[in-house]
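In: Give me a model of this one.
(one chain, ligands or ions: 1)
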Amino acid sequence: MLCAYITHADCARHEMGAHHPECPERLGAINDHLLVKGLLDYMIPYDAPLATEEQLGRAHASLYVRELFAMAPTEGTRQVDPDTCMNPWTLPAALRAAGAVVEATDLVIAGKARTAFCSVRPPGHHAERSAAMGFCFFNNVAVGMRHALDVHGLQRVALIDFDVHHGNGSEDILRGDERVLMCSIFEKGLYPFNGESAVGPNMVNVGLPSRSGSDAFRAAVTEHWLPALDAFRPELIYISAGFDAHREDDMGNLGLVEADYAWVTQALMKVAKQHSQGRVISCLEGGYVLSPLARSVAAHVRVLIGAD
Ligand SMILES: [Zn+2]
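Out: Numbers count the residues shown, from 1 in each chain. All right, here's what the predicted structure looks like:
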């Protein structure tokens, strides 16, 4: 099964300080591990293009996009929120990250790839329609989803978010859009401290308590996500793939392991085969300790390429 691997060198040039967990080395660790495991042999590499203002405008207010362009520093750094800042490479990196999901959408809909993994940063799922926050500037996945809906004319697309943090930005942009089903599992009580109350019929949010572990995660997927996906019959499935719920990642305490990421990816591929012509586009979100991040991505990608 053809799996596109979409990334860009610019994504490793955005940097937010020496000890910031959302660091450039994340992408190198992923690439090295996919290479060592032989998985890159089964993936088709693509350079992520820059997203256009028109593409960004399908998920973000155009005033916000213009403000971010105006804020981008030519030297030094500029703080956007307490955890998030821009260096001179941030804007191109953020445009490549959103452009990657647009490119993945074009490739998968054209039948040039069945699945895609976008290994990009900055991440996107905390970026709201008019706000950068939580290490995120543009909501990469939402930009790609709106491209599928508004440009390619798809009728129903699903977003799955298994990052340990709630995807408040995706929820902010996609709530009320009847063409979208968003399914999310996150740890209660963590940043951004919301998501536990339902905001609309197209949102399936499941907050799990700290130390829930593998069994509770899998039970939540089986009980809440899979029936909703079956009823919705998405034509294409997007994944906000954050790996910070891994038990070796100190950002959260859900206690997942690589096998859980493989398992949930298999469950989603099964839904995709039934309803979506096997089409799945995954985009990196969180995951901050390099070794478990790289191992978890490999477990996820093995399934996307059809090896497991
Ligand atoms: Zn996260």
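In: can you list the residues of this protein near the ion?
Out: Residues of the chain found near the ion (C-beta under 5 Å from the ion) are 163, 165, 242, 244, 286. Yep, even glycine has a C-beta here, placed from its N, CA and C like the rest.
In: Look up the pLDDT of the nearest residue to the third one once chain neighbours are set aside for me, please.
Out: Translated: G242. Residue nearest to G242 in three dimensions, not counting chain neighbours: D163, with 2.5 Å by C-beta to C-beta, 6 or more residues apart in numbering. Listed pLDDT for D163 reads 98.
In: D163 belongs to a helix?
Out: No - counting by DSSP: H, G, I helix; E, B strand; the rest coil, D163 is not part of a helix but coil.
In: wait, it sits on G286?
Out: Yes - with contact defined as C-beta atoms under 8 Å, D163 reaches G286; the gap is 4.9 Å.
In: got the residue ranges for the strands in the stretch 101-250 of the chain?
Out: 115-118, 157-161, 180-187, 203-208, 236-241 (DSSP state E, counting those that start in this stretch).
In: Just say which of those strands is most tucked in.
Out: Greatest average neighbour count among those goes to strand 115-118 (a mean of 30), per mean count of other C-beta atoms under 10 Å.
In: And that strand, what does it pack against?
Out: On a contact count with 3 or more C-beta pairs under 8 Å, 6 or more residues apart in numbering; DSSP states H and E, strand 115-118 meets strand 3-7, helix 90-109, strand 280-284, helix 290-304.
In: residue contacts, D161?
Out: Taking C-beta atoms under 8 Å, 6 or more residues apart in numbering, we find D161 in contact with 125, 167, 170, 182-186, 239-240, 242, 285.
In: er, V271 I mean
Out: Listed by C-beta under 8 Å, 6+ apart, the contact set of V271 reads 226, 229-230, 234, 237.
In: what about the residue in the stretch 201-308 of the chain that the ion sits nearest to, distance to M251?
Out: Residue nearest to the ion within the stretch 201-308 of the chain: G286 (2.8 Å; C-beta to the ion). As defined by C-beta to C-beta, to the nearest Å, G286 lies at a distance of 6 Å from M251.
In: Now list whatever residues contact both of these two.
Out: 164-165, 244.
In: Take the residues you listed and lay them out in TSV including neighbour count.
Out: Formatted as TSV, the shared contacts of G286 and M251 follow (neighbours: other C-beta atoms under 10 Å):
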residue	neighbour count
V164	24
H165	26
D244	25
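In: Just give me the closest of these to H147.
Out: Nearest to H147, judged by C-beta to C-beta, of the shared contacts of G286 and M251 is H165 at 24.4 Å.
In: Which residue, other than its chain neighbours, is closest to F232?
Out: Excluding its sequence neighbours, the residue lying closest to F232 (C-beta to C-beta, 6+ apart) is L181, at 4.3 Å.
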